[in-house]
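# fold the following, please.
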Amino acid sequence: MADRRFALVNHGHFSLTAGERIEGLTADDISDSYPEFDARRYGVLADSDGTTGNGTDDTTAWLNAIKVALRSNGLLIGPPGKSRITAVLEMAKINAIFHGEFYKDFDGVGITVTEGGAIFTEFDDIKITGNGSSEASTSHGLSVVDSRMKIKGYCFSSSNGGDGYRHLDDNGNSNHCIIELDCNNNIGHGHYIKKGVTGGNTNNWTVKFGAFSNGGDGVLVDADVKYMRGTVQAEDNTGTGLNVDNGSSWDLDVYLEGNTVEDYNFIAGADYMEIRGRVGSGTDSSTTQRIKLSTGGNSTLLKGNTPLGYQYSANNIGVSGSEYIREEYLGSSGEKLHDVRVYGNEDWALRAYNRSSGAETGKLYYDRSKGQYIFGDGTDEISLFVGANLSRSTPRATTAQLQDISHTVNTHESKIQGSEIYDTTANIPMYATGAADNSTWVGEKAGSTITLTPV
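Sure thing, here's the model as predicted:
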């Protein structure tokens, strides 16, 4: 604290701070026009147009800014513009907001985060651009080793000779990462989460991966990542869009299309995953049960000892006629439980089935023309609700339906003693005297008791 008392001298101008003096900086290394932790204080100009040799080499200035921010645990602030660097910048345990872009004017990795351990490295709005095919295959944009990362905001890594983002997990210190990053036009993969020599697993990732037009895979995961959630969009990559060799318990919304090798590939190590969204063609070699929700595909999730499966229509929602949208079934023999179906662009239905016989046991559907939810087949029906505001919530039936012992109003399990049905013929409420199919319905009209007996 004693050093801080001398931070302001010469009519409000900044002198060297304690952290700057400890790091060996002199007055020639800083600009009093900017406060501590502002990269411009240390000489970062960010004046390049993104072409080789253009603009000031900001490498040394960035290294000084990083040293001071790390020493004093400060929030490093980068300027707008393109900052030309000619050597790697190590940023483990740095917390920074980058308003501009790094232009990597050399053959090598742009930014590294090495052995950060359990301390998060946090980047907001980081952007890295390389020189593409003129770089070696090891020249990644951002390379992370055994570190916990938070990358958020508008972030991208583009046109690198290697991968856009490479994360090596070798000792399990990569848990709880939050990665929002687009990787585009890299010669290697877009995102590569890689298992190290000693193996281990990493847990609880939240991602928003974008991968477009990379020379390898869009997203390649061979580390044992458990509990990944978020979104993956991978399009027009030369390899596979989403290539998963390991990992479990994922919950992802995806858009995987236009990738050259295939849009997805799940190798044997992947299990217990739920993948939703637009998915093209691919390979599923998983040896365990899991959900994979894809157009025209089916898979299963193991719940206890009972596999619950899903089947999706190969058609898009909205074509004319009747089509399945989703079916659910039990067991390897495919005993159907229920399905969801669309009728002629207008109505949808949820239909239930007897597990043993496969016969339809009931249907709930929405009739858009009537604004009603209907239980029945459309001709012999009970309206459950009327209008979007649910202005009439009592089930309805005609007198003839109430007297028909085979009608759903009498056979359905919802019929119990005291249950109410509105008789649309007599315009009075009727009440069941019991749960049996032949239990009578009683009501009152004009002071007289009305009794209807199902036969």
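
# give me the contacts around the helix ranked longest in the chain.
Ranked by number of residues, the top helix in the chain under DSSP state H is helix 59-72. The contact list for helix 59-72 (CB atoms under 8 Å, 6 or more residues apart in numbering) reads 17-20, 22-23, 25, 29, 36-37, 39, 41-45, 74-76, 83, 85-87, 89-91, 93-96. The C-beta positions use only the backbone N, C-alpha and C, and glycine is treated the same way.

# now the element after it, going C-ward?
Using DSSP states H and E, the helix or strand that directly follows helix 59-72 along the chain is strand 75-78.

# for the helix or strand that that next one is followed by, packing partners?
Sequence-wise, the next helix or strand downstream of strand 75-78 (DSSP H and E) is strand 82-85. Contacts defined by 3 or more CB pairs under 8 Å, 6 or more residues apart in numbering; DSSP states H and E place strand 82-85 against helix 59-72, strand 101-104.

# okay, domains of this structure per the record?
Listed by automatic domain parsing, the domain ranges of the chain are 3-295, 313-390, 394-455.

# pick out the shakiest of those domains, pLDDT-wise.
Mean pLDDT per stretch puts domain 313-390 lowest among these, at a mean of 53.

# coming back round to it: now the contacts of helix 59-72: which count as buried?
With neighbours counted using 16 or more other CB atoms under 10 Å, the contacts of helix 59-72 contain these buried positions: 17-20, 23, 25, 29, 36-37, 39, 41-45, 74, 76, 83, 85, 89, 91, 93-96.

# in the stretch 101-250 of the chain, which spans are strands?
Using DSSP state E, counting those that start in this stretch, the strands of the stretch 101-250 of the chain run over 101-104, 111-124, 127-129, 142-152, 156-158, 165-169, 178-184, 191-195, 201-212, 219-221, 224-235, 240-257.

# and the last one, how far out from the chain middle?
Centroid separation for strand 240-257 versus its chain: 10 Å, with CA atoms, centre = their mean, to the nearest Å.

# kindly report the same for stretch 113-131.
Relative to where its chain is centred, stretch 113-131 has its mean C-alpha point 21 Å off (CA atoms, centre = their mean).

# go through that stretch and flag the buried ones.
113, 116, 120-131.

# please identify the deepest-packed of the domains of the chain.
domain 3-295 (a mean of 19; mean count of other CB atoms under 10 Å).

# what sits against the closest residue in space to residue 403 that isn't next to it in sequence?
Leaving aside its sequence neighbours, residue 403 sits nearest to residue 452 (CB to CB, 6 or more residues apart in numbering; 5.2 Å). Counting by CB under 8 Å, 6+ apart, residue 452 touches 399, 402, 403, 423, 430, 440, 441, 442.

# between those residues, which is closest to residue 274?
Proximity of the contacts of residue 452 to residue 274 (CB to CB) peaks at residue 402, which lies at 44.3 Å.

# tell me the contacts of the closest one?
When contacts are counted by CB under 8 Å, 6+ apart, residue 402 touches 409, 410, 421, 423, 430, 441, 452, 454.

# quick check on the first one: phi, psi?
With angles defined as degrees, to the nearest 10, residue 409 sits at phi -60, psi -30.

# that one: what's it in contact with?
Residues near residue 409 by CB under 8 Å, 6+ apart: 382, 395, 397, 401, 402, 415, 421.

# re the thing from before, out of the strands of the stretch 101-250 of the chain, nearest to residue 136?
Residue 136 lies closest to strand 101-104 among the strands of the stretch 101-250 of the chain, at 12.1 Å (CB to CB).

# show me what that closest one is packed up against.
Applying 3+ CB pairs under 8 Å, 6+ apart, we find strand 101-104 packed against strand 82-85, strand 127-129.

# what lines up beside that strand in the sheet?
If you go by DSSP bridges, strand 101-104 pairs up with strand 82-85 (parallel), strand 127-129 (parallel).

# a markdown table for the ones you listed, including distance to residue 256?
Output for the strands paired with strand 101-104, formatted as a markdown table (distance: least, CB to CB, whole Å):
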| stretch | distance to residue 256 |
| --- | --- |
| strand 82-85 | 32 |
| strand 127-129 | 24 |
